[in-house]
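> Next input, structure requested:
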Amino acid sequence: MTDFNLELDARGLNCPLPILRAKKSINELESGQVLKVISTDPGSIKDFDSFCKQTGNTLLSSEDAGSEFTFLIKKH
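Predicted coordinates:
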């Protein structure tokens, strides 16, 4: 598992809340730092991929553990 600088627990939140909270959290980080997001929204897999493409941040990993999804996002 990659190290991270900030963790966002978005479990129980549905679209678009995980993305909106991730955007706010990523703004707190410095360039090169990593945000870990834990979500239970199945749509978040597609959403975080699109979010990273649109914002220029790097999706380091996307993990599907059945009912929970974990993302590591590196701020550009």
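> Contacts only, for Ile26.
Going by Cβ atoms under 8 Å, 6 or more residues apart in numbering, Ile26 touches Leu35, Thr55, Asn57, Ile73, Lys75. In this view, the C-beta of every residue, glycine as well, is placed from N, C-alpha and C.
> Go again with 10 Å.
Ile26 makes contacts with 6, 8, 33-35, 37, 51-52, 55, 57, 73-76, as judged by Cβ atoms under 10 Å, 6 or more residues apart in numbering.
> which of these count as buried?
Leu8, Val34, Leu35, Val37, Phe51, Cys52, Asn57, Ile73, Lys74, Lys75 (16 or more other Cβ atoms under 10 Å).
> where in this protein is pLDDT low?
For the chain, the stretches with pLDDT under 70 are 1-2.
> circling back to that earlier point, just to be sure, which of the buried ones among the contacts of Ile26 are found in strands?
Among these, DSSP state E puts Leu8, Val34, Leu35, Val37, Ile73, Lys74 in strands.
> nearest to Cys15, of those residues?
Val37 (13.1 Å; Cβ to Cβ).
> Next, find the distance separating the closest one from Phe4.
Relative to Phe4, Val37 is positioned 9 Å away (Cβ to Cβ, to the nearest Å).
> Now for those two: what residues contact both?
Residues touching both Val37 and Phe4 (Cβ under 10 Å, 6+ apart): Leu72, Ile73.
> Tell me which stretches of this structure form helices.
Using DSSP state H, the helices of the chain run over 17-27, 44-55.
> Mind putting those helices into a markdown table with distance to Glu68?
Shown next, in a markdown table, are the helices of the chain (distance: least, Cβ to Cβ, whole Å):
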| stretch | distance to Glu68 |
| --- | --- |
| helix 17-27 | 12 |
| helix 44-55 | 10 |
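> Distance of the closest residue in space to Glu30 that isn't next to it in sequence relative to Leu17?
Nearest non-adjacent residue to Glu30, counting by Cβ to Cβ, 6 or more residues apart in numbering: Lys75, 7.1 Å away. Look at Lys75 and Leu17: by Cβ to Cβ, they are 20 Å apart.
> Who are the contact partners of the residue sitting nearest the centre point of the chain?
Taking Cα atoms, centre = their mean, the centroid of the chain lies closest to Val37, which sits 4.1 Å from it. Applying Cβ under 10 Å, 6+ apart to Val37 gives the contacts 4, 6-11, 18-19, 21-22, 25-26, 44, 48, 51, 62, 69-73.
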